[in-house]
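>>> Next come a sequence and a model predicted from it.
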Protein chains: 4
Amino acid sequence: MTASPQHHSSRSTKRQVIIDTAERLFAEHGYDATSTARIATEAGVPSGLVFYHFATKLDLLLAVVQERPAPSEVLRSAARGRTVRQRLRAVVAKMAEELENDRAVRIIVFREAQGRPEIASRAAEMFADASATVADVLADADDVVADRARVQTAAELVVSRVFLDTVALGQLEPATKRHAAMIDLIVETLTSTPG
Amino acid sequence: MTASPQHHSSRSTKRQVIIDTAERLFAEHGYDATSTARIATEAGVPSGLVFYHFATKLDLLLAVVQERPAPSEVLRSAARGRTVRQRLRAVVAKMAEELENDRAVRIIVFREAQGRPEIASRAAEMFADASATVADVLADADDVVADRARVQTAAELVVSRVFLDTVALGQLEPATKRHAAMIDLIVETLTSTPG
Amino acid sequence: MTASPQHHSSRSTKRQVIIDTAERLFAEHGYDATSTARIATEAGVPSGLVFYHFATKLDLLLAVVQERPAPSEVLRSAARGRTVRQRLRAVVAKMAEELENDRAVRIIVFREAQGRPEIASRAAEMFADASATVADVLADADDVVADRARVQTAAELVVSRVFLDTVALGQLEPATKRHAAMIDLIVETLTSTPG
Amino acid sequence: MTASPQHHSSRSTKRQVIIDTAERLFAEHGYDATSTARIATEAGVPSGLVFYHFATKLDLLLAVVQERPAPSEVLRSAARGRTVRQRLRAVVAKMAEELENDRAVRIIVFREAQGRPEIASRAAEMFADASATVADVLADADDVVADRARVQTAAELVVSRVFLDTVALGQLEPATKRHAAMIDLIVETLTSTPG
DNA sequence: TATGAATGAGTTTTCATTCAT
DNA sequence: TATGAATGAAAACTCATTCAT
């Protein structure tokens, strides 16, 4: 019998529709400001079904932030090119491009981390994962002249900037302009022999 | 000795007590998760007084984030020392030290910016202000060998990292360890002749 | 005999119980002076149920005034007799008798029409409906010697007087005394050849 | 010393401004739906002043409905002409014209009479006063052929219609059209020998 | 006579959650 | 699995009234 519960099935079960709708609403309005009734309505399911699938509203939040692939693979595969500069550009561009896929969860995670250990650890995970990915991508470049610690630090700076843009500043202006200068700064450091 | 029940500053009006209490609670638990009743109780005022001074809860939030001095002065004055490294260390240390004064508002502003234009613009203001201050501090160092654009970019990277630490990642580990490596990275760039 | 706690009709859903209770309280004390909590208590339902069935208190008011049959049928069927006088007497008497069925809604509608278009149009509807009914009743009398316009006007005068008695003046004195004279006045006009 | 409290002085004391503002707001929104704070704001006086002049909100309502001249004089003086028809036309026209002066109080009185004896008796007073005035006006016409009781009844019919128009139906259509037919009906009765 | 901050009970409304079907 | 009425605690907000100045 193959009637196993397929949580990630690509055919949207009602359970998945609830998760997707919750993700959108949590990102747009915040967790507290989104009622389960509204989630049910916009998902097109009866209100009782939300609590059939998720014992509490918090469980639904956890499902939203956990049942998502980490961004690492997508980022790693985007890093083409030989030089630090090329690779950084590709990665930062990909992060910007991913906004519409992944941004919602990132916003949710960083907004709701306060006082919720499960979410906070997911935030740390996402940050560490993204940083490690960028560090890997940079370390593999042909022109890097830098120790691993410095590469890791550079990666974390990039990720900080992009995450902050996404979560809080993204609404203000397209971040792409500033990213160019940022890339130059990082590249210069990683490709110069430390004095 | 007069054991009068003045829990707050002797000059604070009740209006200010409400703002201070709201700031603390909004930072600790978030705007939505903080009831006006709780603010009133912890401020030691009747619940109606909150709405006498602030027509809506949102107006109270705006008062909290607007009736605060920008952090620039305090940061600028903290930057002593001659070299980029010294100044950066002083500024980053000061930012960490300022947590108890300013952190609450920063957390609030970045958490609640989503979908609230007034808050979002305040977030941008705080970010721009802090970045400009750090850039000024760095530009005045004796050993800077870099154009203004690169200094500005470096400042923004610092501020991004510190803000993100404060807002979302601060709970995970003491940020101080990583700050050292970050400072090295920035310093190196600003003191080397661009190739 | 089963002393079951069915205060209302055995077939009434809780929604209908809420409407019935609201109708009574709105008529007795006015819309603004009736709290939804009191409606819930007197209807014997939890307070939340009111807002499950009616999104706002105003929606409940609209339901009260809209989910009622027009009084025309009951009035029309009451008009027995051959002469204008007989029919007028029967209709006016029936209007007085209907107080306990219909009066509440009439009071509500005319009290709350000010500034509420939906209610005002319902008021106009009730007035027009009652006037048309009375006009029909009169026109069918054997002894009418009058054109349709005059019958309609007479009907509107009757309805004006009865409605105003019901709504605002009914509390002052039993209206029945004056009704006799009013009937005479109308009858005389409708049965005399216009000069 | 002539510093007697001139409640009706044409120079608007603050007390009178409060009454005038309350009259307007009570008529527009109803007594319950008008807060004393709003009255104070729109009157341009501090909120405390309302309760300096009027012990309770209800006292202010009473002042609004009592410190107004009865409409009789104005109506009586308007009745020029010799015939019933001429006089009726003049009176009804004057009633319509008076809308902007007197209408507010009439609306208030009839809306708020329910359950408030002082207001209810004022409603009765206004109705009786208007009816008596119209009856007087009619009785003095040269062509009346009717006993006093019938004149009084006719007057009450007129007043009922006009008051109901004012209070509840006035918003629907200009009442003037229908008034013509009503006048004809009344005139006919009062000028024909009762059979 | 005037002022405006202060008070707390009351109001409408929201909402996560339960449950009988 | 699915449904939608039901529940009651808690939320934001209102407001007549008081009072020290």
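Thanks, I have it.
>>> Find the closest residue to DNA strand F in chain A.
Using C-beta to the nearest atom of the strand, the single residue of chain A nearest to DNA strand F is residue A:48, 2.0 Å away. The way it works is simple: take the backbone N, C-alpha and C, and place the C-beta from them, glycine included.
>>> and the helix or strand harbouring that residue with chain C, contact?
Using DSSP states H and E, residue A:48 sits in helix A:47-53. No: using C-beta under 8 Å from any C-beta of the partner chain, we find that helix A:47-53 stays clear of chain C, coming within 10.7 Å at best.
>>> and the spatially most central residue of chain A, helix, strand or coil?
Taking C-alpha atoms, centre = their mean, the centroid of chain A lies closest to residue A:106, which sits 4.5 Å from it. Secondary structure assignment for residue A:106 (DSSP: H, G, I helix; E, B strand; the rest coil): helix.
>>> Over to residue A:193?
When classified by three-state DSSP, residue A:193 comes out as coil.
>>> still on that earlier bit, name the residues of the helix holding residue A:48 that are buried.
Neighbour-count burial for helix A:47-53, with 16 or more other C-beta atoms under 10 Å in any protein chain shown as criterion, is recorded at A:50, A:53.
>>> what is the mean pLDDT for the helix or strand following it?
Using DSSP H and E, the helix or strand that directly follows helix A:47-53 along the chain is helix A:57-66. Averaged across helix A:57-66, pLDDT comes to 93.
>>> So is helix A:57-66 next to DNA strand E?
Yes: under the criterion of C-beta under 7 Å from any atom of the strand, DNA strand E is reached by helix A:57-66 at A:57, A:58.
>>> Can you find the helix or strand of chain A with the lowest average pLDDT?
Across the helices and strands of chain A, mean confidence by mean pLDDT, DSSP states H and E is lowest for helix A:72-78: a mean of 72.
>>> can you list contacts of that one?
Taking contacts as C-beta atoms under 8 Å, 6 or more residues apart in numbering or on different chains, the residues outside helix A:72-78 that touch it are A:90-91, A:93-95, A:98, A:102, A:129-130, A:132-134, A:136-137.
>>> tell me the mean pLDDT for the host helix or strand of residue A:155?
When secondary structure is defined using DSSP H and E, the element that contains residue A:155 is helix A:148-164. This predicted structure assigns helix A:148-164 an average pLDDT of 86.
>>> May I see the buried residues of it?
Within helix A:148-164, the residues that qualify as buried are A:150-164, counting by 16+ other C-beta under 10 Å.
>>> rewinding a little: name the nearest residue to the residue nearest to the centre of chain A, sequence neighbours excluded.
Computed as C-beta to C-beta, 6 or more residues apart in numbering or on different chains, the closest residue to residue A:106 that is not its neighbour in sequence is residue A:166, at 5.6 Å.
>>> since we're on that neighbour, how many residues are nearby?
Residues lying near residue A:166 (other C-beta atoms under 10 Å in any protein chain shown) number 20.
>>> So it, which state does it fall into?
Taking three-state DSSP as the rule, one finds residue A:166 in the helix state.
>>> Contacts only, for it.
A:95, A:99, A:103, A:106, A:107.
>>> Identify, from these, the entry nearest to residue B:182.
Each of those was scored against residue B:182 by C-beta to C-beta, and residue A:95 proved nearest at 19.6 Å.
>>> Look up how far residue A:118 lies from the closest residue in space to residue A:108 that isn't next to it in sequence.
In space, not counting the residues next to it along the chain, residue A:108 is nearest to residue A:26; the distance is 4.8 Å by C-beta to C-beta, 6+ apart. Remark: distance between residue A:26 and residue A:118 (C-beta to C-beta, to the nearest Å) = 14 Å.
>>> who's more crowded, the two?
Neighbours per residue, other C-beta under 10 Å: of residue A:26 and residue A:118, the larger number sits with residue A:26, 25 against 14.
>>> In chain A, where is pLDDT below threshold?
Across chain A, the ranges flagged by pLDDT under 70 are A:1-12, A:68-73, A:96, A:98-101, A:167-177, A:194-195.
>>> helices or strands up against the longest helix along it?
Determined from DSSP state H, the single longest helix within chain A is helix A:117-139. Taking 3 or more C-beta pairs under 8 Å, 6 or more residues apart in numbering or on different chains; DSSP states H and E as contact, the helices and strands that helix A:117-139 lies on are helix A:57-66, helix A:72-78, helix A:84-97, helix A:99-112, helix A:148-164.
>>> at contact distance from chain B, anything in the third one?
Okay, so that is helix A:84-97. No: applying C-beta under 8 Å from any C-beta, one finds that helix A:84-97 is not in contact with chain B, the shortest distance being 12.0 Å.
>>> Check the burial of the residue lying closest to residue A:25 once chain neighbours are set aside by counting its neighbours.
Leaving aside its sequence neighbours, residue A:25 sits nearest to residue A:34 (C-beta to C-beta, 6+ apart; 4.4 Å). The number of residues packed near residue A:34 is 22, by other C-beta under 10 Å.
>>> same question, the one 4 residues further on
Here the neighbour count serves as a burial measure; for residue A:38 (other C-beta under 10 Å) it reads 15.
>>> Once you drop chain neighbours, what's closest to it?
Once flanking residues are discounted, residue A:38 sits nearest to residue A:25: 6.5 Å by C-beta to C-beta, 6+ apart.
>>> which residues touch the residue in chain A that chain B sits nearest to?
Of all residues in chain A, residue A:32 sits closest to chain B, at 3.3 Å by C-beta to the nearest C-beta. Contacts of residue A:32 were listed using C-beta under 8 Å, 6+ apart, and they are B:30, B:32, B:33.
>>> Residue ranges of each domain in chain A, please.
Per automatic domain parsing, the domain ranges recorded for chain A read A:14-66, A:72-190.
>>> Can you tell me which of these is packed in deepest?
Mean neighbour counts were compared across the domains of chain A using mean count of other C-beta atoms under 10 Å in any protein chain shown; the top stretch is domain A:72-190, at a mean of 19.
>>> That one and DNA strand E in contact?
No: contact between domain A:72-190 and DNA strand E, assessed by C-beta under 7 Å from any atom of the strand, is absent, since the two come no nearer than 13.1 Å.
>>> ok so, going back, just name the closest of the contacts of residue A:32 to chain C, please.
For those, the minimum distance to chain C (C-beta to the nearest C-beta) is 20.3 Å, reached by residue B:32.
>>> shouldn't the residue nearest to residue A:25 be in contact with residue A:26?
Yes: look at residue A:34 against residue A:26 with C-beta atoms under 8 Å: they come within range, at 5.6 Å.
>>> residue contacts, the closest residue to residue A:181 other than its chain neighbours?
If the residues on either side of it in the chain are set aside, residue A:181 comes closest to residue B:153, at 4.2 Å by C-beta to C-beta, 6+ apart. Residues counted as contacts of residue B:153 (C-beta under 8 Å, 6+ apart) are A:178, A:181, A:182, A:184, A:185.
>>> Rebuild the residues you listed as a markdown table, extending it with secondary structure.
What follows is the contacts of residue B:153, written out as a markdown table (three-state DSSP):
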| residue | secondary structure |
| --- | --- |
| A:178 | helix |
| A:181 | helix |
| A:182 | helix |
| A:184 | helix |
| A:185 | helix |
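>>> Chain D: which of these is nearest?
Among the contacts of residue B:153, and counting by C-beta to the nearest C-beta, the member closest to chain D is residue A:178, at 47.7 Å.
>>> wait, what's in contact with the closest residue to chain C within chain A?
Relative to chain C, the nearest point of chain A is residue A:37 (10.2 Å; C-beta to the nearest C-beta). Taking C-beta under 8 Å, 6+ apart as the definition of contact, the neighbours of residue A:37 are residue A:47.
>>> mind redoing it with 10 Å?
With contact set as C-beta atoms under 10 Å, 6 or more residues apart in numbering or on different chains, residue A:37 has these partners: A:47, A:50.
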